[in-house]
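**Student:** compute the structure for the input listed below.
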Amino acid sequence: MEQSATLDIEALKVTQFQFILASQSLHLQRPACDVSYPVGLYGWRKRSLYFFLLLLLATMIVNLALTVWIIKVMNLSMDGMGNLHLSRDGIRLEGISEFFLPLYVNEIQSRKDSTLALRSEKNVTLDVRNERGQLTSQLTVGPEAVEVQCQRLQIRNKDGDRALLTAGEDELLMTTEKFTVTGSEGAVFGHSVETPLIQARSSEDVKLESPTRTLTMEAPRGVEVSAAQGALKVSSRKDLQLESTEGEILLDASSIQLGGLPLGIYVLSPSQAARAHTIYEVCVCPSGKVYLSPAESSSTCQTMSNICLWS
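**Tutor:** Take a look at the predicted model:
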């Protein structure tokens, strides 16, 4: 029994000795690890990284400061920018606004308590184009004139239910109750004028004149020329013709004077007839010419009709 125990102890010692030898052999075969490798950035790389981080931080601070300054100066808000306010109905501008490029809008409207003013150093031009981009109408307000280019120009009253002035390529139609010309030279018309009434003010005269051409007044139912409180004067350089195709010419006055009528004399000279006679009768030639003839107990027009030979 003691011999076996001794064997086991010897065997254990041998096994322990072998383990120690094996461990020492393994320790001798392990390579040496004396070299160390540093981890991280060092030297100029580290300094460059810190410089770029500082530069980025400074740029972010400057950008944030400029953004805050722009928001403060431009008065940016959730409703718009400064005098410009955005809403569901469109854009509202308050105060004076300047546009350096063309403005395209559907409607421009001012507030109810203020007027809408369009100002420009040169001119203000409003263009209307069709769906193809072609110019259909144009309104130009310049320093010397206001020009309108369109096919038809129409001016309506404040309610918009009645046209006051309609101008086209062929005619100009005015539907106002009264058209007043206050210029000292009156109104000049290059062609015919159609109107139911031409009337002057109560304290002024009305004058129809054609300096170089003829003056013609025509009406389908008659022409009436009257002077309620003054004299009526009709003068012509050449012929004055009163013609009625289906009616009569009526001169209704307390006295009618025909001045400058020629005197029809057959025997006596005009000077002798003027001294001998003070009463004359008015005679009419077949051509329509009117002349005077000395009045006697019977008509002398036939005797003094020699003046009709020269008419």
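**Student:** host element of residue 114?
**Tutor:** According to DSSP states H and E, residue 114 maps onto no helix or strand at all.
**Student:** what's it sitting at in phi/psi?
**Tutor:** Main-chain dihedrals, residue 114, degrees, to the nearest 10: phi -150, psi 160.
**Student:** do you know how far it is from residue 103?
**Tutor:** 19 Å (C-beta to C-beta, to the nearest Å). For the C-beta atoms, the positions are set from N, CA and C on the backbone; glycine is no exception.
**Student:** what's the spacing between the host helix or strand of residue 52 and its chain's center?
**Tutor:** Element membership for residue 52, per DSSP H and E: helix 44-74. For helix 44-74, the separation from the chain centroid amounts to 52 Å (computed by C-alpha atoms, centre = their mean, to the nearest Å).
**Student:** same check, this time on stretch 281-297
**Tutor:** Computed by C-alpha atoms, centre = their mean, the chain-centroid distance of stretch 281-297 equals 65 Å.
**Student:** next one: stretch 203-216
**Tutor:** 36 Å.
**Student:** hey, C-alpha coordinates of it in CSV?
**Tutor:** C-alpha atoms of stretch 203-216 as CSV (Å, rounded to 0.1, in the frame of the first residue of the first chain):
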residue,chain,number,x,y,z
SER,A,203,-73.9,133.5,-73.0
GLU,A,204,-71.9,132.4,-76.0
ASP,A,205,-72.4,132.2,-79.8
VAL,A,206,-72.4,129.1,-81.9
LYS,A,207,-70.5,129.2,-85.2
LEU,A,208,-70.3,126.7,-88.0
GLU,A,209,-67.5,127.6,-90.4
SER,A,210,-65.7,126.0,-93.3
PRO,A,211,-62.8,128.3,-94.3
THR,A,212,-61.7,126.6,-97.5
ARG,A,213,-64.5,124.1,-98.4
THR,A,214,-68.2,124.1,-98.5
LEU,A,215,-70.5,123.7,-95.4
THR,A,216,-73.4,121.3,-95.9
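**Student:** quick one: contacts of that stretch?
**Tutor:** Residues outside stretch 203-216 that contact it (C-beta atoms under 8 Å, 6 or more residues apart in numbering) are 186, 198-200, 217, 230.
**Student:** quick check: mean pLDDT across the next helix or strand after the helix holding residue 52?
**Tutor:** Remark: after helix 44-74, the chain's next helix or strand is strand 80-81, criterion DSSP H and E. Strand 80-81 shows a mean pLDDT of 76.
**Student:** how about stretch 293-311?
**Tutor:** On average, stretch 293-311 scores 77.
**Student:** residue numbering should commence at 58 henceforth.
**Tutor:** With 58 as the first residue, the last one maps to stretch 350-368.
**Student:** what about that stretch, distance to the chain center?
**Tutor:** That offset, for stretch 350-368, works out to 70 Å (C-alpha atoms, centre = their mean).
**Student:** returning to what we had before: flag the least confident of the contacts of stretch 260-273.
**Tutor:** The minimum pLDDT among the contacts of stretch 260-273 falls on residue 287, with 71.
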